[in-house]
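> No letters, just coordinates:
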C-alpha cells in the first residue's frame with residue numbers, strides 16, 4: 001500500500017504505524033474502491049498471512065470504500081482459512097467471475113465487442129480497425145473466453161508482428 005500510494009516508509013516503522021498512515025491517506029483521498037489482486041497468495045493460517053488478513057480487515061473497517069479481492073479459486077484459498085480468514089470471509093460478498101460465453105447471439109456480440117476493443121488498442125502501424133473481427137470465433141476457441149488468455153495471446157502475436165516488421169496481426 002505504501003508503495004502504491006507513494007508513501008515514504010522505513011524499516012523502523014512498525015506495522016501499526018504504517019497501517020495508520022495508510023488508513024489516514026486513504027481517508028484523506030476519499031478512496032471509494034480498493035482492488036487487490038493475487039489475494040490467493042495470502043495464507044491467513046500462517047503468522048505473516050494472518051497479519052496481512054487482519055490488516056486488510058482493519059482497512060475494510062476504517063476506510064469507507066469497497067474492497068474488491070481478486071484471485072484464483074478464492075473459496076478454497078488459504079486467505080479465507082483459519083480463524084482470521086474465516087472472520088474475513090464472513091464479512092465479504094462473493095461473486096464468481098466467469099469467462100465469456102459464445103452460446104447465444106448476445107454473448108457472441110459481447111465477445112466480438114471485446115475483440116474489437118482489443119484490436120483498436122493495438123499499437124501496430126498496419127493493423128486496421130476490425131481486422132480481428134473475422135477471427136473472433138477462433139480467438140474464443142483458443143482462449144476459452146478468458147480475457148487474460150486473450151490479452152496474453154494478442155500481446156505475444158503483436159510482439160511477433162513488430163519484430164517481423166509486419167506491424168499487423
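Received, thanks. Values in this document were obtained by computation on a predicted structure and should not be read as measured data.

> ranges for the helices of this structure?
2-5, 15-28, 47-62, 82-90, 105-121, 136-143, 147-164 (DSSP state H).

> Contacts for the second one next, please.
Residues outside helix 15-28 that contact it (C-beta atoms under 8 Å, 6 or more residues apart in numbering): 1-2, 5, 7, 9, 13, 34, 51, 55, 58-59, 62-65. No exception for glycine: its C-beta is placed from N, CA and C like everyone else's.

> By mean pLDDT, point me to the weakest helix or strand of this structure.
Counting by mean pLDDT, DSSP states H and E, the weakest-scoring helix or strand in the chain turns out to be helix 82-90, with a mean of 76.

> now that one, how far from the chain's geometric center?
22 Å (C-alpha atoms, centre = their mean, to the nearest Å).

> What is that helix packed up against?
Helix 82-90 is packed against helix 47-62, with contacts defined by 3 or more C-beta pairs under 8 Å, 6 or more residues apart in numbering; DSSP states H and E.

> Would you mind pulling the contact partners of the helix it packs on?
In contact with helix 47-62 (C-beta under 8 Å, 6+ apart) are residues 15, 19, 22-23, 26-27, 34, 36, 42-44, 67, 78-79, 82, 84-85, 87-88, 91.

> how far is it from where the chain is centred?
Relative to its chain's centre, helix 47-62 lies at 19 Å (C-alpha atoms, centre = their mean).

> which parts of that helix are buried?
49-50, 52-57, 59-60 (16 or more other C-beta atoms under 10 Å).

> how about these in CSV, adding pLDDT and distance to residue 162?
Below are the buried residues of helix 47-62 laid out as CSV (pLDDT from 0 to 100; distance: C-beta to C-beta, whole Å):
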residue, pLDDT, distance to residue 162
49, 68, 41
50, 72, 46
52, 78, 39
53, 76, 42
54, 79, 46
55, 83, 42
56, 84, 40
57, 81, 45
59, 89, 41
60, 86, 43
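
> would you list these in a markdown table and tack on distance to residue 166?
Converted to a markdown table, the buried residues of helix 47-62 look like this (distance: C-beta to C-beta, whole Å):
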| residue | distance to residue 166 |
| --- | --- |
| 49 | 47 |
| 50 | 52 |
| 52 | 46 |
| 53 | 48 |
| 54 | 52 |
| 55 | 49 |
| 56 | 46 |
| 57 | 51 |
| 59 | 47 |
| 60 | 49 |
